[in-house]
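# Based on what follows, work out the 3D shape:
(2 chains)
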Protein chains: 2
Amino acid sequence: MPGDQAYMYSGAARDLLTKAGAEIGDKISIRLRRGELEEQVDGILMPRIHTGQEDYLVVKLRTGYNIGIQTRNLTSIKVVGKGAEPHFTRPSLPTQRIGLPKVAILSTGGTIASKVDYRTGAVKPALDAEDLYSVVPELADLADIRPKIISSTFSENIGPQNWSALAGSIAEEIKNGADGIVIAHGTDTLGYTAAALSFALNSPPVPVVLVGSQRSSDRPSSDAAANLVASTAIASSAPFAHVVVAMHDWISDKRIAIHLGTKVRKCHTSRRDAFESVNTSPLGYYDLVRNTIEMKSTSFSKRRSDSNWTIRPKFDSNVVLIKFYPGMSGAIIDWAVASGQSGIIIEGSGLGHISEAMFPAIERAINSEVVVAMTSQCIWGTVHMDVYSTGRDLLRMGVIPLGDMLPETALVKLMWVFGNTSSRHDAKSMMTKNLAGEFSDRRLLEKTHDD
Amino acid sequence: MPGDQAYMYSGAARDLLTKAGAEIGDKISIRLRRGELEEQVDGILMPRIHTGQEDYLVVKLRTGYNIGIQTRNLTSIKVVGKGAEPHFTRPSLPTQRIGLPKVAILSTGGTIASKVDYRTGAVKPALDAEDLYSVVPELADLADIRPKIISSTFSENIGPQNWSALAGSIAEEIKNGADGIVIAHGTDTLGYTAAALSFALNSPPVPVVLVGSQRSSDRPSSDAAANLVASTAIASSAPFAHVVVAMHDWISDKRIAIHLGTKVRKCHTSRRDAFESVNTSPLGYYDLVRNTIEMKSTSFSKRRSDSNWTIRPKFDSNVVLIKFYPGMSGAIIDWAVASGQSGIIIEGSGLGHISEAMFPAIERAINSEVVVAMTSQCIWGTVHMDVYSTGRDLLRMGVIPLGDMLPETALVKLMWVFGNTSSRHDAKSMMTKNLAGEFSDRRLLEKTHDD
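All right, here's what the predicted structure looks like:
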């Protein structure tokens, strides 16, 4: 690492470090001023990040995450320990403590498993599971880690075929004794995969925690380490046995939200707290300061040992999601039917509506034995198709109202349903049954309404 | 009205009213207890609402909105004035005050212009503009009102052809001297119409305020009256000349948010505060208690008189919005091209991605001179297609990144662009220009990020 120009500090930052005798990898104690306040920051001096900005230092905190400190705020730098390993070299794996719960970390790719390509300035999926592990040696205190690379795929390329394989890998790890599973996954379609596993894993006996990162691990604002620590701790010791997503609850590194896999959605392109539980509260939180899990709901399935547990990993990808918009014609519905789709999830407007102009095509689809179900593009709230005549007309045609189920979850569920039955009748009844928390508890739902 | 069973009180409510000698239409003063607090409510006793609940009274407050009061909370009822007009009879129009600004209220239908059909229990668009006006006689204090019925249409049936006609009607009212316009509109596609008018009205000289209602005017929790009062006041006296949406800022009746027409979205199926400004703050608020407009932004276009102003009301509906999902194939893109679409707006994942499996179809579309542009299904945030190789590949193919423009606004804008040019080159350049605030001010955008 020393000698690699990309990682060397320059300008004011280099002068300060030289004066203090601090080198990359040293444990340092920094005092800095922010407005009226003076603060102390202790951590390991990290390599410089090549972002065009030269006036800050990167420090890795004890909690496992990196912060950037502007040199103009610095009062002093003191070296308190020499020669910790620099960030991106591969240390030997930490000595594993005996008796800790076993957690399998399955890496599928994405930002959480990536680093910046310094030639292009762009991010590529590159780190393997061991890299990932070595970035956060603290994981060794939380669990007996079993890292495994499943793939190195941007999550926009992950689909039904990958969900089946992933469910199989998870089942294998659990049968081999894993007390919890962490899935490192790109954030783009992490919500879809979480929903898919929620159905495919068919009430897993241990927690399955999907985790991603909105900022790659070599950026000072990275959420990768904090999210990995939290997801490993949750997989290791949470009391529940559900498929969940663990991501920042807010922009600070204090708390990680635990979202139920069927109720979570990526609601911001770049914020670290992009993931939100929709129409419900998170199942709980992981407190990164106190290292504790705080459950928000008492109605969860508990961990169990279950030798009879089997997965239902099949998906039929012949299902489409169609978002309604003004001026839309029925032609797209006719296309879906002609192209052999088994089901159509509509993101209607408001309480579950589409224009009358589309009614004939909807009738043709249902007459062709295609399952047509309704969600709302509002995202929050629930479809109510008995309030207005538009909704009642659609119900009469046989459109299935899906309550407050997320459109994305509805799509994935219908793919899974048709992976398990070819009966249109069974498909309809499975779609309206609450199999993995995809319909909100009515009391929780009402809290998000205002009447 | 008296004698109409549907409006008569029964049970405990009737007993209390009989004892007090109170009849529907009377001005009453009620004392009630909520927890430790005792409150006084003054207003007009309204007809009973047929909802199956019998234990509450409906009182119309001086501010123009109705509240429901549970009989078990009542301490006393006193009649302070007899025989005000009951709610749903049609009073003679209030005497208009002289010298007030002229506001045209154009009614297109929707819940704000509807009442419950007591036979079916469902809501139908029914009230004409004068009904609407008579429900809130306070409007006469705010402006010289000119009500007009444009249509009586559920907003899911409003599309490009209606937008053109509506823009024409608005222009006519403004040319005839209107100082502001209110458009009563169903909430389902209100955001789309607001975006459409933002482009079609081509910098209007006065405020154009779209307003809807999430609860019909004969429900105790109705937001219709409050929203109408606020939108009329905004059209009458706001300092800006933009197309905006005025809806509840929160569930209380205290404040109405003023959203820019290109940045607003219905984000809840049923809450009164369902509309949100995305990636920006509301332009301002209307305070229903103090009857004042509070601007949040200083960078708005001011009202002006402009004899040269012309509208650009044409839309080309041969544009589709396609939401990406895992497992989606390129077939839907090929269908869009084959069906003669001029443009495709994609709701990609995250920063603006789709799966590699769709790349060949995207290339075929662009080679066929179809404009393909990218937004994000996250809704919040902005596409950034130079971060990951997926985005860069799509940029190289010629996909147009649309920053933080809402997918719905992007669809409407592309329809409008092709209504104004058939040149693919001009269309691309118009799509990336900020014509009506559809791209956030960069500083505002950064406030919603966390780095």
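
# avg pLDDT for the longest helix seen in chain A?
The longest helix of chain A (DSSP state H) is helix A:160-175. Helix A:160-175 carries an average pLDDT of 97.

# That one packs against which elements?
For helix A:160-175, the packing partners by 3 or more CB pairs under 8 Å, 6 or more residues apart in numbering or on different chains; DSSP states H and E come out as strand A:102-107, strand A:144-149, strand A:180-184, helix A:190-200. (Each C-beta comes from the backbone N, C-alpha and C, glycine too.)

# can you dump the C-alpha coordinates of the third one into CSV?
In this case it means strand A:180-184. Below are the C-alpha coordinates for strand A:180-184, written out as CSV (Å, rounded to 0.1, in the frame of the first residue of the first chain):
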residue,chain,number,x,y,z
GLY,A,180,-28.2,-17.0,11.0
ILE,A,181,-27.6,-15.9,7.4
VAL,A,182,-26.3,-12.6,6.0
ILE,A,183,-26.8,-11.9,2.3
ALA,A,184,-24.7,-9.1,0.9
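
# That strand near chain B anywhere?
No: Strand A:180-184 is not in contact with chain B by CB under 8 Å from any CB of the partner chain; minimum separation 14.7 Å.

# what is the orientation angle of that strand with strand A:144-149?
Taking axes from the mean of the first three to the mean of the last three CA atoms, to 10 degrees, one finds that strand A:180-184 is oriented at 40 degrees with respect to strand A:144-149.

# angle of strand A:180-184 against strand A:102-107?
Using the same axes, to 10 degrees: strand A:180-184 against strand A:102-107 is 20 degrees.

# all strands for the stretch 301-450 of chain A, in order.
Along the stretch 301-450 of chain A, counting by DSSP state E, counting those that start in this stretch, strands occupy A:319-323, A:343-348, A:371-376, A:400-401.

# can you redo those strands as JSON lines with mean pLDDT, mean neighbour count and distance to chain B?
As requested, the strands of the stretch 301-450 of chain A are arranged in JSON lines below (pLDDT from 0 to 100; neighbours: other CB atoms under 10 Å in any protein chain shown; distance: least, CB to the nearest CB, whole Å):
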{"stretch": "strand A:319-323", "mean pLDDT": "98", "mean neighbour count": "25", "distance to chain B": "5"}
{"stretch": "strand A:343-348", "mean pLDDT": "98", "mean neighbour count": "27", "distance to chain B": "7"}
{"stretch": "strand A:371-376", "mean pLDDT": "98", "mean neighbour count": "26", "distance to chain B": "5"}
{"stretch": "strand A:400-401", "mean pLDDT": "98", "mean neighbour count": "22", "distance to chain B": "12"}
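
# got the contact list for the residue of the stretch 351-451 of chain A found nearest chain B?
Distance from chain B to each residue of the stretch 351-451 of chain A (CB to the nearest CB) is smallest for A:G381, at 2.9 Å. With contact taken as CB atoms under 8 Å, 6 or more residues apart in numbering or on different chains, A:G381 is in contact with A:279, A:351, A:404, A:448-449, B:268-271, B:274.

# Which of those ranks first by neighbour count?
B:T269 (27 neighbours; other CB atoms under 10 Å in any protein chain shown).

# So A:P137, which state does it fall into?
coil (DSSP: H, G, I helix; E, B strand; the rest coil).
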